[in-house]
Structure formats: structure tokens, C-alpha cells
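Q: here you go, sequence then predicted model.
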Amino acid sequence: MERYALAPVKAVAWEGTWGFMVTAVGMVILHFAVGRTESGRHGYFDMREGLGELFGNRRIGISSLLIMVSIGGFNFFGISVTRTVSATSRSTIDTCRTLFIWIVSLGLGWETFKWLQVLGFALLVYGTFLFNELIKPVGCRNRRKADTAAEGEALTRD
């Protein structure tokens with residue numbers, strides 16, 4: 001982001017273009033490697049079956065289009081936030097994206113509520129906050145100061 005002056009919309013467009021090309025190449029390779037075999041027919045890697053369902057079932061087509069638009073929107077706003085605020089803010093917002101997707105999936109009936117998912121989300125938020133140094137683990141507060149002091153002493157001796 002610092003090295004290149006690229007508008008967020010253009011960055012998302014390039015990301016989508018490359019993602020589409022990699023997915024298309026991967027689909028073809030997996031179709032011929034797995035999807036055409038006897039055990040692979042009508043499975044995940046049967047490209048003919050998948051494209052038939054995508055274009056033959058209106059609900060699948062619309063939900064796929066909405067997913068693409070939402071991913072593009074999230075990435076555009078994520079790049080904009082990174083550019084104007086910070087990467088720390090973006091990673092916190094991305095964590096909330098997971099919660100939003102889960103809530104929408106619950107509302108649409110695509111998933112059922114499980115407390116393990118709530119625990120997993122809490123762990124995800126905690127890990128994100130730890131990584132971005134927004135919080136510190138309980139047992140490590142004084143250890144970090146001691147490590148910094150020991151490093152300073154070692155540099156002074158050298």
C-alpha cells in the first residue's frame with residue numbers, strides 16, 4: 001500500500017480479476033483430474049454439474065452474485081480503511097466481518113446456532129487483539145518489560 005499508489009477500487013478489481021483467473025484454471029484442472037472420473041462425477045469437482053446448477057438454479061445464481069458483490073465491497077472498504085487509518089483497524093473490522101457473515105447465515109437458515117461457534121469467535125477476537133497488541137496476555141505483562149531491559153543491557157555490554 002505504501003509503495004504503490006493504487007486506488008482501492010482498482011486494487012479490488014485486480015484482486016477480483018486474479019481470483020477469477022486462478023479459480024477458472026483450478027476448476028478446469030480439477031475437473032479433468034477428478035471431476036471426470038467415475039467417483040468424481042456429480043461431486044465438488046464436476047465442473048459441468050456445478051455450472052449447470054449455477055446457471056440452472058436461480059437461487060444459487062443470485063446468492064453467488066450477492067456473495068461476489070459482498071466480498072468486493074468488504075475488500076474495497078478494507079483497503080480504504082487500511083489506507084486512511086491502519087492495518088490494525090482493518091484486521092479488527094475483518095474479525096467483525098466473520099460475525100456478520102455468521103449472523104446472516106443464521107438468519108437465512110444456512111446454519112444452526114451452536115455455542116462452540118460463539119467460543120470460536122471469542123477466540124478469534126482475542127487472537128486478533130493479541131496480534132495487534134491491543135491487549136496483552138495476563139501472565140506476560142512484566143515479562144515483556146524484563147525482556148526489553150535484558151536486551152538493552154546486552155546492547156550496552158557489546
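A: Nice, thanks for sending it over.

Q: next helix or strand past the helix ranked longest in the chain?
A: Under DSSP state H, the helix in the chain containing the largest number of residues is helix 58-84. Going down the chain from helix 58-84, the next helix or strand is helix 87-108, by DSSP states H and E.

Q: any idea of the mean pLDDT for that next one?
A: Per-residue pLDDT values over helix 87-108 give a mean of 83.

Q: put the alpha carbons of that helix into PDB.
A: The C-alpha atoms that make up helix 87-108 are tabulated as PDB, following Å, rounded to 0.1, in the frame of the first residue of the first chain:
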ATOM      1  CA  ALA A  87      -3.900  -2.200   9.200                       C
ATOM      2  CA  THR A  88      -4.800  -2.900  12.900                       C
ATOM      3  CA  SER A  89      -8.200  -1.300  12.300                       C
ATOM      4  CA  ARG A  90      -8.700  -3.300   9.200                       C
ATOM      5  CA  SER A  91      -7.900  -6.600  10.900                       C
ATOM      6  CA  THR A  92     -10.400  -5.700  13.700                       C
ATOM      7  CA  ILE A  93     -13.100  -4.900  11.100                       C
ATOM      8  CA  ASP A  94     -12.300  -8.200   9.300                       C
ATOM      9  CA  THR A  95     -12.900 -10.000  12.500                       C
ATOM     10  CA  CYS A  96     -16.300  -8.400  12.700                       C
ATOM     11  CA  ARG A  97     -17.000  -9.500   9.100                       C
ATOM     12  CA  THR A  98     -16.900 -13.100  10.300                       C
ATOM     13  CA  LEU A  99     -19.500 -12.300  12.900                       C
ATOM     14  CA  PHE A 100     -21.700 -10.500  10.300                       C
ATOM     15  CA  ILE A 101     -21.500 -13.400   7.900                       C
ATOM     16  CA  TRP A 102     -22.300 -15.900  10.700                       C
ATOM     17  CA  ILE A 103     -25.400 -13.800  11.800                       C
ATOM     18  CA  VAL A 104     -26.600 -13.600   8.200                       C
ATOM     19  CA  SER A 105     -26.100 -17.300   7.700                       C
ATOM     20  CA  LEU A 106     -28.200 -17.900  10.900                       C
ATOM     21  CA  GLY A 107     -30.900 -15.600   9.700                       C
ATOM     22  CA  LEU A 108     -31.100 -17.300   6.300                       C
END
